[in-house]
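Undergrad: Test case, fold it:
(2 chains)
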Amino acid sequence: MNRSPVRVRFAPSPTGYLHVGGARTALFNWLLARQSGGAFILRIEDTDRTRHVEDSLRKIMADLRWLGLQWDEGPEVGGPYGSYFQSECLARYHHCADRLLRSGNAYYAWETPEELNALREQARREKRAFKYPRPDPLPTIDAGLAAQRAGKPVVVRFKMPESDICVSDVILGEVEMKREELEDFVILKSDGWPTYHFAVVVDDHEMQITHVLRGQEHLMNTPKHIALQRALGFDTPVYAHLPIIMNMDGSKMSKRDKDRSVRAAYQQAVKAGTLDETTACAISGVDAGTFVEWRAANTTLESDALRKLADHLHVRPPEIDVHDFRASGYLPEALTNFLALLGWSPGHDREILTRNEMVELFSIERIGKTSARFDREKLLAFNTQYCAAAAPQHLLAAFRDYAEASGSPLGKLDDTMLLRVLEVCRGMRTLADVDNKSGVLFVPDEQVRYEPDAVRKVLEKKDGQGYAILERLLPVLESTEPWTAEVLDAAIKSFAEQQNAKLADVAQPLRVALTGRTISPTIGETLALLGRGRTHARVRRCLSLRGAA
RNA sequence: GGCCCCAUCGUCUAGAGGCCUAGGACACCGGCUUUUCAAGCCGGCAACGCGGGUUCGAAUCCCGCUGGGGUCACCA
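TA: Residues are numbered from 1 along each chain as shown, chains lettered A, B, ... in the order given. Next up, the predicted model:
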């Protein structure tokens, strides 16, 4: 608190949806900016055109906004520090590269990928670490230009200084990197585009970034960035490397996890003979070559294709991207609260925090060093709490968003009805629970599917006692007036007493008759929501279906 | 494998030498509530990786070991 204004950035590359790990990084940066009265900048690192995924920028921005992390400078909002797309800043990078070339801090090189790979392979065989062998003497600028004209794949490499580099990290302390470990890395690719290391350093300086909060997987990149900053005469920002977020099994949480789970289900289906490669390929909608590569675990599938396949296989891949959580019915405030506690703690046994409290309490000093496992159960518990505490109108808005992201059939209800359904489903862990519990009340009667287990255990047992009760109950329902939850509950209760039956012996058969399952809102609400006509129709249909299946 | 980072209940963590017979939350187990599923309420189990130091005193400081993770591209 009360620190001087910082300038921080979140810099995704547009290669897909926003990952939860990225979301936490964005959140921490945003918190720091807000509490210091500084600026949170969104910058798009789109220097690899081969990995660019159509529409991903729009999705990333939508998810950031969903999380409540609006940026002060960047796409759609502009700002004083030039384009926030690296693809539009090529001149900037070339200018800096020229400076390095001329000052002797960088040089041209033109080995082919094959030559480089051969060198790496050789190093591997000799069991030593590969390091790009700096030519001696260095090629002249003219020689580089000539090679370029001759059609060679000419890159610019940075000449690493001859000294050890110490990274001062607010979280990790001083991290010493030996000079021998650092190689002359590429800053300009042969296609003329900058590499990540170079673009980051140039842009962070250009945008006057003061603090860099990023994942710990970037720690080994930092000495490169510091060396570059020194050679260009730039200030080094404050670095803070965040602990890595891992799966419960200890592996790094990555988008590949989704592919893994779907691939496993696919292979199982093939083994069981319920699916073949051609069909699966058609379902996913990708071409055969792409599919074969995916099946062999060499690549990941684009998210739409993966979802189609997952749906067909009836598997739920783990939520990894922010959008996955959105479509699974999580509230943004629950997700961000949970994410905030992954690697950070406000102390004093505080856990549930409003956004304002987070802003107030956040500090880099209280970020931990140890990697954190992503415990879905705990997130679920947070979400349950947030759902329970949400005001009706807020829950309604959240559900509308969820319905859009998930395609929930309840999305077509009007506000009044949806509000009522939401109220009746209080106690939900996710918004998807509302679908599970009440969805069937809003489908056409003939679409009600009777679960064999439910029919057997509730309707058929004891010589069809459930059916018998329903037959006797029908006239009672016909005469009940008015058709409201309270009155219906009372009517069913007194019917049960009169029959000398437990309430459950009446309510459960009725529930199964109306929904095909043993799960629904309270029986009175279920009837009220359904209405008199459909209630009768469903009970009669249930009775007429007796023994049919 | 080289380099780097890390190490408190199953999980997220509090703990900055005595306040620790180690606190909270989730999960788990038991009970209550109950017309289903949830939710809710009450209670319980459960950790300082190991070995050396330093100190009157160590979860807290130092060293070693072990274990886990990250990273080694013309990807970001």
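
Undergrad: residue of the stretch 351-500 of chain A with the smallest distance to RNA strand B?
TA: As assessed by Cβ to the nearest atom of the strand, RNA strand B sits closest to residue A:427 within the stretch 351-500 of chain A, at 2.4 Å. Where C-beta positions appear, they are placed from N, C-alpha and C, glycine not excepted.

Undergrad: Could you do the stretch 1-150 of chain A as well?
TA: residue A:45 (2.8 Å).

Undergrad: who are the neighbours in contact with that residue?
TA: Residue A:45 is in contact with A:11-13, A:86, A:196, A:199-200, counting by Cβ atoms under 8 Å, 6 or more residues apart in numbering.

Undergrad: burial measure for residue A:197, as a count.
TA: Using other Cβ atoms under 10 Å, residue A:197 has 18 neighbouring residues.

Undergrad: returning to what we had before: how far away is the residue of the stretch 1-150 of chain A closest to RNA strand B from residue A:57?
TA: Distance, residue A:45 to residue A:57, using Cβ to Cβ, to the nearest Å: 11 Å.

Undergrad: now the helices: where do they sit in the stretch 101-250 of chain A?
TA: Using DSSP state H, counting those that start in this stretch, the helices found in the stretch 101-250 of chain A span residues A:113-125, A:141-149, A:196-206, A:222-232.

Undergrad: winner for burial among those?
TA: Stretch with highest mean neighbour count among the helices of the stretch 101-250 of chain A: helix A:196-206 (a mean of 22; mean count of other Cβ atoms under 10 Å).

Undergrad: That helix - contacts with which helices or strands?
TA: With contacts defined as 3 or more Cβ pairs under 8 Å, 6 or more residues apart in numbering; DSSP states H and E, helix A:196-206 has these neighbours: helix A:90-102, strand A:186-188, helix A:222-232.

Undergrad: and for that helix, what are the contacting residues?
TA: With contacts defined as Cβ under 8 Å, 6+ apart, helix A:196-206 is touched by A:9, A:11, A:43, A:45, A:47, A:81-82, A:86, A:89, A:92-93, A:96-97, A:158, A:185, A:187-188, A:194, A:209, A:212, A:221, A:224-225, A:228-229, A:232, A:234-235, A:237.

Undergrad: That helix versus helix A:222-232: what angle between them?
TA: Relative orientation of helix A:196-206 and helix A:222-232, computed by axes from the mean of the first three to the mean of the last three Cα atoms, to 10 degrees: 50 degrees.

Undergrad: Helix A:196-206 near RNA strand B at all?
TA: Yes. Counting by Cβ under 7 Å from any atom of the strand, RNA strand B is contacted by helix A:196-206 at A:196-197.

Undergrad: Report the angle between that helix and helix A:90-102.
TA: Using the same axes, to 10 degrees: helix A:196-206 against helix A:90-102 is 110 degrees.

Undergrad: for helix A:196-206, what is the average pLDDT?
TA: Rounded to a whole number, the mean pLDDT of helix A:196-206 is 98.

Undergrad: ok, back up a step: A strand includes the residue of the stretch 351-500 of chain A closest to RNA strand B, no?
TA: No. Residue A:427 is assigned coil when assessed by DSSP: H, G, I helix; E, B strand; the rest coil, not a strand.

Undergrad: quick one: contacts for it?
TA: residue A:388.

Undergrad: Please enumerate the strands of the stretch 351-500 of chain A.
TA: A:372-373 (DSSP state E, counting those that start in this stretch).

Undergrad: near RNA strand B, which residues of it show up?
TA: A:351, A:366, A:368-373, A:375, A:377-378, A:380-381, A:384-385, A:388, A:426-429, A:433, A:437, A:489.

Undergrad: Got a ChimeraX select line for the buried ones in those?
TA: Burial among those is assessed by 16 or more other Cβ atoms under 10 Å; the matching ChimeraX selection reads:
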select /A:371,372,380,384,385,428,433,437,489
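
Undergrad: Not counting its neighbours along the chain, what's nearest the residue nearest the centre of chain A?
TA: For chain A, residue A:321 is the residue whose C-alpha lies nearest the centre (Cα atoms, centre = their mean; 1.5 Å). Leaving aside its chain neighbours, residue A:321 sits nearest to residue A:17 (3.7 Å; criterion: Cβ to Cβ, 6 or more residues apart in numbering).

Undergrad: which secondary structure element contains that neighbour?
TA: Assignment of secondary structure by DSSP states H and E places residue A:17 within no helix or strand.

Undergrad: and if you look at the one 10 residues further on?
TA: Assignment of secondary structure by DSSP H and E places residue A:27 within helix A:20-36.

Undergrad: Give me the pLDDT for the spatially closest residue to residue A:43 that is not a sequence neighbour.
TA: Nearest non-adjacent residue to residue A:43, counting by Cβ to Cβ, 6+ apart: residue A:11, 4.5 Å away. Residue-level confidence at residue A:11 comes out at 98, pLDDT.

Undergrad: With residue A:481 instead?
TA: Confidence for residue A:481, expressed as pLDDT, is 84.

Undergrad: Help me confirm that the residue nearest to residue A:321 comes into contact with residue A:62.
TA: No. Between residue A:17 and residue A:62 there is no contact under Cβ atoms under 8 Å: 9.6 Å.

Undergrad: Compare those two and say which is more crowded by neighbours.
TA: More neighbours surround residue A:17 than the other of residue A:17 and residue A:62, with 21 against 16 (other Cβ under 10 Å).
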